[in-house]
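[1] Sequence and predicted structure, then a few things I'm wondering about:
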Amino acid sequence: MCRIDVDLIRKDFPILNREINGHRLIYLDNAATSQRPRQVTQAVCDFYTKHNANIHRGLHTLSEEATEMYEAAHRAVKEFINARTWEEIIFTRNTTEAINLVAYSLGLRRFKPGDEIIITMMEHHSNMVPWQMLKDLYGIKLHYIKLRPDGTLDLEHYRSLLSPKTKLVAVAHVSNVLGVINPVKEIIKLAHEVGALVLIDAAQSVPHMKVDVQEIDCDFMAFSGHKMLGPTGIGVLYGKKELLEDMDPFLRGGDMIKQVKIEGASWNDLPWKFEAGTSNIAGGIGLKAAIEYLQNIGMDCIFEHEKALAKYTINKLKEIEEVKLFGPEERIGVISFVVKGISPDLVGIAMNEKGIAIRTGCHCAQPLHEFFGIRGTARASFYLYNTFEEADKFIERLEEIITRSKK
């Protein structure tokens, strides 16, 4: 079992020294966005102060340096998720844009009335609304995999939904509410048996565990840099090269063009075919620095650390009679709960009084909350810099909140 030096890691995150309302910040909102280490902010700063120029546009030194750094970022992502080639790595703004890219570039061209798409009840809205769009525009049938009472997928129901009409299966690798790790390798294998493509929403998995796109054999995968120590405004769409080559561009103009004539235009090679206009160059460079930071620690070690924190915290929460937990025992470091007699928002506000940052609401997963018969939850989510001492303070504050509500 590997261990990480959390005290040493925390020194790279200046924001963790900040005080909120007179209390040292305890940041437990990592499923929404992570904090950034000095190494990432410095990489972005160095680009702007030493190398800033547009890519693929000039023969001068700065442009050539910027181009090499930006392309190196694509190669870093390729290695991180084990893609076959860096041409399969498309930079987007975030997971949401990456999924929409597939919906527009693949769905609008390939799908027709009567075709079927399968998703799950636990999806983030970003992996639900684009497919609802195709349903409304083209009469595509949209099916939802049922959930078991503990929030895990009903795979027998999934098997019953699959048919030759199934063109796409789009599922979250990890639920941003339940922390459940879905069996994506099995889901993909079953989909491929009926000729369907599979898109994996990996926004909550790639930052926290080792993910190998060739090993699971997904056709597309989307994730965001800001949830994995990287800058905001940079995301990734992985797609199998043969699929990306056959897809139309999502946006048109600028760097995605190879040649323009009065009669029409031809498209650039991958990955630039899908990266129209001036890219978020600094964001890509910052993402590369974030990947290097994560690799230096080790994704397996990060995964084990978060699982241990989650298990420890869940066991403590189970001792509190007023708390109801959602999700299975086996999960990553995401814990959603409600407190009897206290709204999630009030829990979040009271936590913030002691400098503890959690998330409240539906977490962009309203149908999942409706499944459980609730309007929202409070959510604590861990990352590599969180400690067991912070978990104890979170539990202590929750008990204070409950006690205060009874007076």
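    Yes, it's here.
[2] Helices of the stretch 51-200 of the chain, start to end?
    According to DSSP state H, counting those that start in this stretch, the stretch 51-200 of the chain carries its helices in the segments 61-81, 95-102, 108-110, 129-138, 155-161, 184-193.
[3] Just say which of those helices is most tucked in.
    Greatest average neighbour count among the helices of the stretch 51-200 of the chain goes to helix 95-102 (a mean of 24), per mean count of other C-beta atoms under 10 Å. For the C-beta atoms, the positions are set from N, CA and C on the backbone; glycine is no exception.
[4] quick one on the thing from earlier: as TSV, the helices of the stretch 51-200 of the chain with distance to Ile145 and mean pLDDT would be great.
    Converted to TSV, those look like this (distance: least, C-beta to C-beta, whole Å; pLDDT from 0 to 100):
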stretch	distance to Ile145	mean pLDDT
helix 61-81	24	96
helix 95-102	17	97
helix 108-110	22	81
helix 129-138	13	93
helix 155-161	5	98
helix 184-193	9	98
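[5] Quick one: closest of these to Ile349.
    Closest of these to Ile349 is helix 95-102, at 27.5 Å (criterion: C-beta to C-beta).
[6] tell me the angle of the closest one relative to helix 129-138?
    If you take axes from the mean of the first three to the mean of the last three C-alpha atoms, to 10 degrees, helix 95-102 sits at 30 degrees to helix 129-138.
[7] Run through the neighbouring helices and strands of helix 95-102.
    Counting contacts by 3 or more C-beta pairs under 8 Å, 6 or more residues apart in numbering; DSSP states H and E, helix 95-102 is packed against strand 89-92, helix 129-138, strand 197-201, strand 220-224, strand 235-239.
[8] and if we set it to 7 Å?
    On a contact count with 3 or more C-beta pairs under 7 Å, 6 or more residues apart in numbering; DSSP states H and E, helix 95-102 meets strand 197-201, strand 220-224, strand 235-239.
[9] Next, the buried residues of the second one.
    Burial within strand 220-224, assessed by neighbour count using 16 or more other C-beta atoms under 10 Å, is assigned to Phe220, Met221, Ala222, Phe223, Ser224.
[10] List the contacts of the fourth one.
    Residues near Phe223 by C-beta atoms under 7 Å, 6 or more residues apart in numbering: Thr95, Ala202, Ala203, Val206, Gly235, Val236.
[11] Save the residues you listed as CSV, and put in distance to Gly376 too.
    Shown next, in CSV, are those (distance: C-beta to C-beta, whole Å):
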residue, distance to Gly376
Thr95, 22
Ala202, 25
Ala203, 20
Val206, 26
Gly235, 26
Val236, 29
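[12] And the residues you listed, which is closest to Ala32?
    So of those, ranked by how close each gets to Ala32 (C-beta to C-beta), first place is Ala203, at 10.5 Å.
[13] ok, the closest one touching Ser224?
    Yes. In this structure Ala203 lies within contact range of Ser224 using C-beta atoms under 7 Å: 5.3 Å.
[14] Of all the helices and strands packed on helix 95-102, which one is nearest Glu330?
    strand 197-201 (18.8 Å).
[15] Give the pairing partners of the closest one; include direction for each.
    strand 166-172 (parallel), strand 220-224 (parallel) (DSSP bridges).
[16] Now do the buried residues in the first one.
    By that I understand strand 166-172. In strand 166-172, counting by 16+ other C-beta under 10 Å, buried: Thr166, Lys167, Leu168, Val169, Ala170, Val171, Ala172.
[17] Present these as TSV; the columns should include distance to Leu287.
    Formatted as TSV, the buried residues of strand 166-172 follow (distance: C-beta to C-beta, whole Å):
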residue	distance to Leu287
Thr166	33
Lys167	31
Leu168	27
Val169	27
Ala170	23
Val171	24
Ala172	21
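[18] and the two most separated of the residues you listed?
    Lys167 and Ala172 (18.9 Å).
[19] picking up where we left off before, just send the helices of the stretch 51-200 of the chain back as TSV, with distance to Asp5 too.
    Below are these laid out as TSV (distance: least, C-beta to C-beta, whole Å):
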stretch	distance to Asp5
helix 61-81	22
helix 95-102	30
helix 108-110	49
helix 129-138	41
helix 155-161	39
helix 184-193	31
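[20] Gln366 is nearest to which of the ones you listed?
    By C-beta to C-beta (comparing all of the helices of the stretch 51-200 of the chain), the closest turns out to be helix 129-138, at 10.8 Å.
[21] Count the residues that sit near Ala290.
    27 (other C-beta atoms under 10 Å).
[22] can you tell me which residues contact it?
    Here Ala290 is in contact with Val40, Gly225, Met228, Leu229, Gly230 (C-beta under 7 Å, 6+ apart).
[23] mind checking pLDDT for it?
    Ala290 is assigned a pLDDT of 98 by the prediction.
[24] again, but for Thr377
    Among the per-residue scores, Thr377 holds a pLDDT of 98.
[25] Need the nearest residue in space to it, chain neighbours excluded.
    Once flanking residues are discounted, Thr377 sits nearest to Ser336: 4.1 Å by C-beta to C-beta, 6 or more residues apart in numbering.
[26] Which of the helices or strands spans the one you found?
    strand 334-339 (DSSP states H and E).
[27] Mean confidence (pLDDT) on that strand, please.
    Averaging pLDDT along strand 334-339 yields 97.
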